[in-house]
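*Asks:* Structure for the following, please:
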Amino acid sequence: MRYCIGIDLGGTNIAVGVVNDRYEIVVRRSVPTGAERPAEEVIRDMGDAVEEALRQAELTAVDCASMGVGSPGACDPQTGVVKRAYNLNWFDVPVCRMLHQRFGIPVRLGNDANCAALAEVVAGAAVGCQDMVLITLGTGVGSGIISRGKILSGLRGGAGEAGHMLLVLDGEPCTCGRRGCWEAYSSATALIRQARQAAAEHPESLLAGAEEITGKTVFDAADRGDETANAVVDRFCDYLGAGVTNIVNALAPEVILIGGGISRQGERLLAPVRRYVEKNCFGGKDGAIPIIAAARLGNDAGIIGAAAL
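*Replies:* Numbering: from 1, shown residues only. Prediction:
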């Protein structure tokens with residue numbers, strides 16, 4: 001049995017797993033990131049979590065073919081350096097070199113969204129697919145691109161920032177400092193903002209009476225027939241569909257997967273997006289329309305994809 005180690009580095013938690021050659025996580029560990037600390041301390045804790053996972057699996061590092069790290073931000077897979085990860089306050093951190101010095105096995109680096117996309121290709125909803133895009137809807141909009149079976153990293157690892165495609169000229173402010181990014185309209189954060197604005201304008205809505213507005217709150221209110229919530233959901237699906245259409249026109253992938261918590265809404269989210277793409281993509285229904293479906297692996301994708309690097 002062949003084993004690899006996958007590390008999913010997040011702003012809140014570090015998830016570590018020992019993964020076998022069937023892409024099954026046999027042991028996992030999770031520790032707080034403590035992102036306010038220096039990178040050296042975070043990487044030390046990352047290594048400690050790896051050692052604990054190996055102990056639980058009754059393995060040592062030399063029993064593993066390689067180690068992979070999925071990190072947010074701009075990552076250079078050639079040098080193994082995290083160039084910019086703003087939510088970690090990491091700049092030019094040589095994470096692969098530091099872990100290799102400790103464990104003595106090959107260490108590879110990838111953007112976390114790219115790792116999740118790779119995981120869906122090797123073990124999830126896009127097994128066997130050569131060209132696919134994974135869109136993750138959360139605090140922001142992340143994306144990973146698989147082209148001809150491999151991660152499309154681009155110059156200095158900068159490919160795949162679909163969330164920062166310009167969707168609306170001089171539109172809503174984005175966390176990146178610009179305006180009108182797709183992320184500012186199609187993230188879970190954006191949906192909540194849109195729902196709060198609608199609730200303020202329509203005090204009769206179920207949204208106005210909600211103790212807390214989340215993505216699920218909005219869809220639940222829409223399912224109960226609330227007109228304001230339905231309008232918010234419909235508009236949100238149009239924004240999501242517009243971004244997906246741009247990806248279809250630019251890349252013509254076989255499959256586009258939607259991940260993140262909002263993807264649990266299933267066909268309530270996916271069916272309107274498919275209709276929008278069919279209506280608006282180049283060539284319409286006769287164009288290169290991909291399969292549009294929900295991602296399958298959830299929180300396991302980061303570990304599995306990192307291990308598969």
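
*Asks:* ok, Ile213 - how many residues close by?
*Replies:* As a burial measure, Ile213 scores 21 neighbours (other CB atoms under 10 Å). Every C-beta, even on glycine, is put in place using the N, C-alpha and C of the backbone.

*Asks:* measure the residue nearest to it when sequence neighbours are not counted to Ile289 for me?
*Replies:* In space, and not counting its chain neighbours, Ile213 is closest to Ala195: 5.0 Å by CB to CB, 6 or more residues apart in numbering. For Ala195, the distance to Ile289 equals 30 Å [CB to CB, to the nearest Å].

*Asks:* Those two: which is more packed in?
*Replies:* Neighbour count, other CB under 10 Å: between Ala195 and Ile289, Ala195 has more, with 27 against 17.

*Asks:* Any buried residues in stretch 266-276, and which?
*Replies:* By 16 or more other CB atoms under 10 Å, the buried positions in stretch 266-276 come out as 269-270, 272-274, 276.

*Asks:* Could you list which of those residues belong to helices?
*Replies:* Of the positions in the buried residues of stretch 266-276, 269-270, 272-274, 276 sit in helices, assigned by DSSP state H.

*Asks:* Domain parsing of the protein, as residue ranges.
*Replies:* Using automatic domain parsing, the domain ranges for the chain come out as 3-122+300-307, 129-294.

*Asks:* From the contact counts, what lies against the lengthiest helix in the chain?
*Replies:* Criterion DSSP H: the longest helix present in the chain is helix 227-251. Here helix 227-251 touches strand 132-137, strand 141-147, helix 183-186, helix 188-201, helix 215-223, strand 255-259, helix 267-280, going by 3 or more CB pairs under 8 Å, 6 or more residues apart in numbering; DSSP states H and E.

*Asks:* okay, these in JSON lines with mean pLDDT next?
*Replies:* As requested, these are arranged in JSON lines below (pLDDT from 0 to 100):
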{"stretch": "strand 132-137", "mean pLDDT": "95"}
{"stretch": "strand 141-147", "mean pLDDT": "93"}
{"stretch": "helix 183-186", "mean pLDDT": "96"}
{"stretch": "helix 188-201", "mean pLDDT": "96"}
{"stretch": "helix 215-223", "mean pLDDT": "96"}
{"stretch": "strand 255-259", "mean pLDDT": "97"}
{"stretch": "helix 267-280", "mean pLDDT": "97"}
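
*Asks:* among the ones you listed, which is nearest Gly80?
*Replies:* For Gly80, the closest of the helices and strands packed on helix 227-251 is strand 141-147, at 18.4 Å, according to CB to CB.

*Asks:* Can you give me the buried ones in that closest one?
*Replies:* Neighbour counts over strand 141-147 (16+ other CB under 10 Å) mark 141-146 as buried.

*Asks:* Stretch 237-254 now?
*Replies:* Buried residues in stretch 237-254, counted by 16+ other CB under 10 Å: 237-248, 251, 253.

*Asks:* of these, closest to Ala57?
*Replies:* Distances from Ala57 to the buried residues of stretch 237-254, taken as CB to CB, are shortest for Pro253 (35.3 Å).

*Asks:* Figure out the length between the terminal residues of stretch 71-82.
*Replies:* Terminal residues of stretch 71-82 lie 7 Å apart, using CA to CA, to the nearest Å.

*Asks:* For it, give the mean pLDDT please.
*Replies:* Taken as a whole, stretch 71-82 has a mean pLDDT of 92.

*Asks:* Can you give the contact residues for that stretch?
*Replies:* Stretch 71-82 is contacted from outside by 9-11, 83-88, 90, 92-97, 107-112, 151, 153, 156-158, 309, using CB atoms under 8 Å, 6 or more residues apart in numbering.

*Asks:* ok, the residue nearest to Ala159 when sequence neighbours are not counted - contacts?
*Replies:* Computed as CB to CB, 6+ apart, the closest residue to Ala159 that is not its neighbour in sequence is Leu152, at 5.1 Å. By CB under 8 Å, 6+ apart, the contact list for Leu152 reads 114, 145-146, 159-160.

*Asks:* try Leu166
*Replies:* Taking CB under 8 Å, 6+ apart, we find Leu166 in contact with 178, 180-182.

*Asks:* ok, these vs Ala126, which is closest?
*Replies:* Closest to Ala126, out of all of these and judged by CB to CB, is Trp182, at 21.3 Å.

*Asks:* looking at it, the closest one is touching Leu167, isn't it?
*Replies:* Yes. Using CB atoms under 8 Å, Trp182 is in contact with Leu167, at 4.5 Å.

*Asks:* Looking at these two, which one has more neighbours?
*Replies:* A count of neighbours by other CB under 10 Å puts Trp182 above the other of Trp182 and Leu167, at 29 against 20.
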